[in-house]
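Asks: predicted model, plus sequence, below.
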Amino acid sequence: MRGEIFPEGSTVGVYGLGETGIALTKFLHDGNFSVVLFDDNPSGLVIKFAESLGLEIHVPTAKSDLDGLLDGIDIFMPTPGLPDSHYIFKHVFNAGIPIRSEFDLAAQYDDRPLVAVTGTNGKTTVTMMIKEMLLYSDIKTEAVGNTEIPLIEAIGDRSIEKFVVEASSFRLGHSSYFQPDISVWLNFSPDHLDVHQNLQAYEKAKASLWQNQSSGHIAIANAEDEIVMRHLPNTGIVKTFGKNLGDNKLVDDYLILENEKLLHIEDLKRSSPHDISNALAAAITARSAGAEISAIQKVLTEFVNLPHRIEFVGCKDGVAWYNDSKSTTPHSVIAAVMGFKNVILIAGGRNKGLDLRVLTCVQDHIKHLVAIGEASEEMVRVFDGSVPSTEAVSMGEAVAIARHCSKDGDVVLLSPGCTSFDWYRNYADRGEDFKRTVRDLVGVENGDN
């Protein structure tokens, strides 16, 4: 435990009252801290929460006297995902107030082992796989961070032996004292340019995963990702994985874990390149954290893919329908499309500043593009006539077009490559609408997910 990060009696400014902000506020309020709350658009429930603690929520604007509001604040804690361009940061920097994260606060009050997972794609899947592998090894574990449970909330449960932390760039970017015992960086591709100042800032945030690694810590890296390998720490133990490269890889259709055969790829639920990579990453990370081989094998052979991540919706007239609404980057679309042939791709939404032209590398897999959302015209322009394309103005129309274009042996894949915030509240809302529409309009026969 480290007492120098948040000196007792400090006044902490918390900006943004989502799940993490609320958890931070509760923790700080219950401790020996004063808390000042900020939110750009607090909901009624959030206002009631603040009132229950006897706190006021400040709703500043760019013209507000922020210097006065920040006067007396010793530490500033922004909500994960607050854009680098938000005007509050300029005032915080000018006032010389240090910025800290949820991870920093937890480091002061808890020293149980942390296993951290970051990467542009696959974080949640690998996090949950590692958690299950450790649980089946009789190690009480919780998945925290960029999940439904903030780390600062989870440390209140003293029965937990290890935490698997899904470490997003939003959290890493403002962390100074995060020091996981074992950490894995899955991959890197452009993303979140609507939050980070530029691609370099996003990369720097990800790389901070290893900034505090010491001699007793383990860093696990994707040997097939040049950017990940470029940031390998100079201290501690380094292990690598990859479909074809690394210490842990695929050899003669067997997953090799620490020089031993783990299982055959036919034993995996799915064996696309990214599925193999995720399986290897989860296996070596969990093994390094103490998981038993039998537990790792059990999870890899039984793990059901998470909702909205290439989720099988059903099949009708020989056409398989998949929901990959979690895909919000072009690189995640590529990974999904590469697993199929004859794809009717439903893609689009709100682009977050990413270059969609990289999608042309999988155009041979795409039979027809159904473009949706604000980026529909941009999505069509990407293929410049090399792929038949149709724009749809609703999910219902998109599904109807896909049904019309498909035949026996085809796959209809919703893999947007963009955020959902043009039509929906979030990617889960988009995915549920897609599944509901497919079942209503197509009448798919549900299959084993």
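Replies: Noted; the coordinates are in hand. On a predicted model such as this, the values are computed, not experimentally measured, just so you know.
Asks: state the distance from the residue nearest in space to the middle of the chain to Gly396.
Replies: Centroid check for the chain by Cα atoms, centre = their mean gives Lys123 as the closest residue, at 5.0 Å. Going from Lys123 to Gly396 by Cβ to Cβ, to the nearest Å gives 31 Å. Yep, even glycine has a C-beta here, placed from its N, CA and C like the rest.
Asks: next: Leu82.
Replies: 35 Å.
Asks: over to Leu306?
Replies: When Leu306 is compared with Gly396 (using Cβ to Cβ), they lie 25 Å apart.
Asks: ditto for Phe340
Replies: 23 Å.
Asks: neighbour-wise, which of the two wins?
Replies: Between Phe340 and Gly396, counting by other Cβ atoms under 10 Å, Phe340 is the more crowded of the two (19 against 15).
Asks: check what pLDDT that one gets.
Replies: For Phe340, the pLDDT comes out at 92.
Asks: give me the number of residues near the residue nearest to it when sequence neighbours are not counted?
Replies: The shortest distance from Phe340 to any non-neighbouring residue, by Cβ to Cβ, 6 or more residues apart in numbering, is to Val411 (4.5 Å). Neighbourhood size, Val411 [other Cβ under 10 Å]: 21.
Asks: if Val411 is in a bridge, with which residues?
Replies: Ala320, Val343 (DSSP bridges).
Asks: wait, isn't it in contact with Met338?
Replies: No - counting by Cβ atoms under 8 Å, Val411 does not reach Met338; the two are 11.9 Å apart.
Asks: am I right that Met390 sits in a helix?
Replies: Quick fix: residue 390 reads Thr, not Met. No - per DSSP: H, G, I helix; E, B strand; the rest coil, Thr390 lies outside any helix segment and is strand.
Asks: burial count for it?
Replies: With other Cβ under 10 Å as criterion, Thr390 counts 17.
Asks: what's the answer for Lys407, then?
Replies: Counted with other Cβ under 10 Å, Lys407 comes out at 12.
Asks: so where does Ile401 fall, helix or strand?
Replies: helix 395-405 (DSSP states H and E).
Asks: so what touches that helix?
Replies: 319, 344, 346, 367-368, 370, 372, 388, 390, 392, 412, 423, 430, 433-434, 437-438, 441-442 (Cβ atoms under 8 Å, 6 or more residues apart in numbering).
Asks: where along the stretch 301-449 of the chain do the helices fall?
Replies: For the stretch 301-449 of the chain, helices defined by DSSP state H, counting those that start in this stretch occupy the ranges 330-337, 376-383, 395-405, 427-441.
Asks: same for the first one, what does it pack against?
Replies: With contacts taken as 3 or more Cβ pairs under 8 Å, 6 or more residues apart in numbering; DSSP states H and E, helix 330-337 sits against strand 343-348.
Asks: now the strand it packs on: mean pLDDT?
Replies: The pLDDT scores in strand 343-348 average 98.
Asks: correct me, but His160 touches Ile139?
Replies: Slight slip there: residue 160 is Ile, not His. No - the criterion here is Cβ under 8 Å, and Ile160 misses it with Ile139 at 9.5 Å.
Asks: circling back: buried only: go through the contacts of helix 395-405 for me.
Replies: Neighbour counting over those (16 or more other Cβ atoms under 10 Å) leaves 319, 344, 346, 367-368, 370, 372, 390, 392, 412, 423, 430, 433-434, 437-438, 442 as the buried ones.
Asks: now the residue in the chain sticking out farthest from the centre: which helix or strand?
Replies: Within the chain, the residue lying farthest from the chain centre (Cα atoms, centre = their mean) is Gly68, at 35.8 Å. Under the criterion of DSSP H and E, Gly68 resides in helix 66-70.
Asks: which elements pack onto that helix?
Replies: helix 87-95.
Asks: contacts for the helix it packs on next, please.
Replies: Contacts for helix 87-95 (Cβ under 8 Å, 6+ apart): 15, 38, 60, 62, 66-67, 70-71, 73, 76, 78, 82, 99.
Asks: which SS class is Leu255?
Replies: Applying three-state DSSP: Leu255 is strand.
Asks: what are the bridge partners for it, then?
Replies: Assigned bridge partners for Leu255, using DSSP bridges, are Leu250, Leu263.
Asks: show me what contacts Asp194?
Replies: Counting by Cβ under 8 Å, 6+ apart, Asp194 makes contact with 83, 352-353, 419.
Asks: recalculate using a threshold of 10 Å.
Replies: Residues near Asp194 by Cβ atoms under 10 Å, 6 or more residues apart in numbering: 81, 83-85, 350-354, 419, 421.
Asks: for it, what is the enclosing helix or strand?
Replies: Residue-wise, Asp194 maps onto no helix or strand under DSSP H and E.
Asks: now do the phi/psi pair for it.
Replies: Main-chain torsions, Asp194, degrees, to the nearest 10: phi -80, psi -10.
Asks: do you know how far it is from Ser327?
Replies: Counting by Cβ to Cβ, the gap from Asp194 to Ser327 is 16 Å.
Asks: then Phe6?
Replies: The value you get for Phe6 to Ser327, if Cβ to Cβ is used, is 38 Å.
Asks: Val117 too?
Replies: When Val117 is compared with Ser327 (using Cβ to Cβ), they lie 18 Å apart.
Asks: and these two? Which one has more around it.
Replies: Neighbour count, other Cβ under 10 Å: between Val117 and Ser327, Val117 has more, with 33 against 28.
Asks: so that one sits against Asn187, correct?
Replies: No - with contact defined as Cβ atoms under 10 Å, Val117 and Asn187 do not form a contacting pair (11.3 Å).
Asks: quick one, strands of the stretch 101-250 of the chain?
Replies: With DSSP state E, counting those that start in this stretch, the ranges of strands along the stretch 101-250 of the chain come out as 114-118, 141-145, 162-166, 182-185, 218-222, 237-241, 250-251.
Asks: please identify the most buried of these.
Replies: strand 114-118 (a mean of 29; mean count of other Cβ atoms under 10 Å).
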